[in-house]
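In: Just a sequence and a predicted model for now, questions to come.
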Amino acid sequence: MTTPIPLLSLKAQHERLAPELRQAVLKVVDSGIFILGPEVKQFEAEFAAALGARHAVGVSNGTDALRVALEAVGVGPGDEVLVPSFTFIATATAVSALGAAPVFVDIDPVTMTMDPTAAAAAAGPKTKAIIPVHLFGQPADMDELCALAEEKGLRVVEDCAQAHLTTYKGRTVGTIGDAGAFSFYPSKNLGAAGDAGAVTAMDPDLAEAVRQLRNCGRETGGPAYRHVRVGQNCRLDELQAAVLRVKLKHLAEWSAGRQAVARRYIQNLQGLPIFLPDPGRSGTSHTFHLFVVRCDRRDELAKHLTARGIGNGVYYPIPIHRQPAYQEVLIRPTALPHTEEACRTALALPMYAELEPEAVDAVCQAVKDFFKGS
Ligand SMILES: Cc1ncc(COP(=O)(O)O)c(C=O)c1O
């Protein structure tokens, strides 16, 4: 067996940035300011600028980013929110945490993001919002979903946890709907040294609502013990913000690196009985948080790759509407055939910016050998 190739490695990234990261962390420790200080403020400004968003508000993780964004746009008990079932469970649990109900919508079979026609069919009188998920780094069909939202008076919270810097028709995701929710979980395209997240918004009042909700209901700049909302504590901390500021400077370059890896995969894997991701439908970019192929013999292929030391992963094996956690509370359960199909066939291949061309070729060779039966 040749050198193992992991699904994800942060080693090269961390080795390169270690001196700068240590310095940034020490600076915070020496300052003695750990909560809502200059690092969070500057990170928020820099992240907003990188996306072209008017506002970015740092929060504790991507799940809280979704929850506070939903609360800020007015989602509450008794409301319904349209969400895909083919996503990480946080997309739905953020809705449930507010006493609202996720209504699961099927995906488009090509992009694996929410199907606008299915969303239109699932919308009902209690529907308050839609969460398009830009899954694996590929943007959802925002024109159609925003048109539906407009027609039905729904709010749009984009789940951008896997799509930092992904663009859709000239705009960066997180700036198209009412709000964007980002995760900086360490394995994300922009990852902290722990849990972290952010909400983006164009509307200053919405951004202020998020700031209040993340900080115990305090008004920005207001007295410490006056609370204008029933908020929670889900602040981004100074240490994570300092780490994120170091890494944010490299995000565009890392995205380009991922896209180069994807192009090489796509070139090398043509002609095999697998469905390949699209590097960017017209007017969109794909930032390849994951490189996910689909294959009818997915489990056999996964086993073959693992035996050759090649990392791989199933995102996601069980759709949310089939998770035990949601069986008691399913709203209007409908057939979601494309979601089921994706759960049965999707397989992620190694993907990170520093993945060497030779390693990509070795993965491709192993995939080819699988279909040759060798
Ligand atoms: C699509 C999606 N939404 C939401 C989240 C939640 O983010 P976090 O793990 O930071 O809470 C994640 C990440 O894990 C995700 O992949």
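Out: Yes, it's here.

In: ok, which stretches of the chain are helices?
Out: 11-31, 38-51, 62-72, 90-96, 116-122, 142-152, 204-214, 238-248, 251-268, 298-307, 337-345, 357-372 (DSSP state H).

In: now the ones you listed as CSV including mean neighbour count and distance to G194?
Out: Where you see a C-beta, it was placed from the backbone N, CA and C, and this is true even at glycine. Converted to CSV, these look like this (neighbours: other Cβ atoms under 10 Å; distance: least, Cβ to Cβ, whole Å):
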stretch, mean neighbour count, distance to G194
helix 11-31, 13, 11
helix 38-51, 19, 14
helix 62-72, 28, 13
helix 90-96, 23, 16
helix 116-122, 19, 34
helix 142-152, 17, 31
helix 204-214, 21, 17
helix 238-248, 23, 6
helix 251-268, 17, 18
helix 298-307, 16, 29
helix 337-345, 18, 30
helix 357-372, 17, 28
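
In: my read: T284 touches R171, true?
Out: No: using Cβ atoms under 8 Å, T284 makes no contact with R171, being 10.2 Å away.

In: Name the residue in the two with the higher neighbour count.
Out: Set side by side, T284 and R171 show more neighbours around T284, with 21 against 15, by other Cβ atoms under 10 Å.

In: Report the contact partners of the more buried one.
Out: Neighbouring residues of T284 by Cβ atoms under 8 Å, 6 or more residues apart in numbering: 138-139, 166-169.

In: Quickly note the distance from it to the ligand.
Out: 17 Å (Cβ to the nearest ligand atom, to the nearest Å).

In: which sections of the stretch 251-374 of the chain are below the confidence cut-off?
Out: 333, 374 (pLDDT under 70).

In: at 90 what do you get?
Out: For the stretch 251-374 of the chain, applying pLDDT under 90 flags the ranges 278-283, 327-335, 373-374.

In: Out of the helices of the chain, which gets nearest to H227?
Out: When the helices of the chain are compared by Cβ to Cβ, helix 204-214 sits nearest H227, at 8.5 Å.

In: can you give me the angle the closest one makes with helix 62-72?
Out: Following axes from the mean of the first three to the mean of the last three Cα atoms, to 10 degrees, one obtains 120 degrees for the angle between helix 204-214 and helix 62-72.

In: how far out from the middle of the chain is helix 204-214?
Out: Remark: helix 204-214 is offset 21 Å from the chain centroid, using Cα atoms, centre = their mean, to the nearest Å.

In: got a list of contacts for it?
Out: So helix 204-214 is contacted by 54-55, 57-60, 64, 68-69, 71-73, 178-179, 199, 201, 218-220, 228-229, 231-235 (Cβ under 8 Å, 6+ apart).

In: Sort out for me which of the residues you listed are in strands.
Out: When those are checked against strands (DSSP state E), the matches are 55, 57-59, 179, 199, 201.

In: Looking at the residues you listed, which two lie furthest apart in space?
Out: G58 and A179 (13.9 Å).

In: And the contacts of stretch 349-359?
Out: Stretch 349-359 is touched from outside by 5-10, 12-13, 253-258, 261-262, 264-265, 288-293, 305, 310-312, 360, 363, 367, with contacts defined as Cβ under 8 Å, 6+ apart.
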